[in-house]
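Engineer: This is a predicted model, with the sequence first.
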Amino acid sequence: MKIVTAAAIALSLSLGASGAVQAKGCLKGAVVGGVAGHFAHRHTVLGAAAGCAVGHHLAHKKEVEERRAAQAQQVQTPPHR
């Protein structure tokens with residue numbers, strides 16, 4: 001369990017230096033992936049890295065969908081005269 005905590009702290013510190021924009025979804029995914037990797041034959045770091053990548057991808061996908069929905073809503077509302 002110490003390895004999971006250390007990996008999560010190291011990952012959050014390295015992402016904190018690179019900016020908050022790139023960290024969307026990564027921290028949550030890294031923690032979940034690290035725990036899953038820990039219980040799957042002690043691959044904590046590999047699980048954290050994979051979880052970070054997947055979490056970042058899903059957060060980006062959600063952001064794109066929200067932008068598209070907002071644009072569609074703006075197109076449907078007629079301007080006031």
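Structural biologist: Perfect, I can see it now. Numbers count the residues shown, from 1 in each chain.

Engineer: Could you pull out the helices in the chain for me?
Structural biologist: In the chain, the helices defined using DSSP state H lie at 2-18, 26-39, 44-76.

Engineer: Can you say which of the ones you listed is packed in most?
Structural biologist: Burial of the helices of the chain is given as mean neighbour count (mean count of other C-beta atoms under 10 Å); helix 26-39 ranks first at a mean of 21. C-beta here means a position set from N, CA and C on the backbone, and glycine is covered the same way.

Engineer: hmm, back to that, how about TSV for the helices of the chain, with mean pLDDT added?
Structural biologist: Output for those, formatted as TSV (pLDDT from 0 to 100):
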stretch	mean pLDDT
helix 2-18	61
helix 26-39	91
helix 44-76	91
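
Engineer: Cross-check the contact I'm expecting between A30 and H56.
Structural biologist: No - using C-beta atoms under 8 Å, A30 is not in contact with H56; the gap is 9.4 Å.

Engineer: From Q73, how far off is the closest residue to K28 other than its chain neighbours?
Structural biologist: Leaving aside its sequence neighbours, K28 sits nearest to G55 (C-beta to C-beta, 6 or more residues apart in numbering; 5.4 Å). G55 is 27 Å from Q73, where distance means C-beta to C-beta, to the nearest Å.

Engineer: ok, now which ones touch the closest residue to A40 other than its chain neighbours?
Structural biologist: Computed as C-beta to C-beta, 6+ apart, the closest residue to A40 that is not its neighbour in sequence is G47, at 6.8 Å. Listed by C-beta atoms under 8 Å, 6 or more residues apart in numbering, the contact set of G47 reads 33-38, 40.
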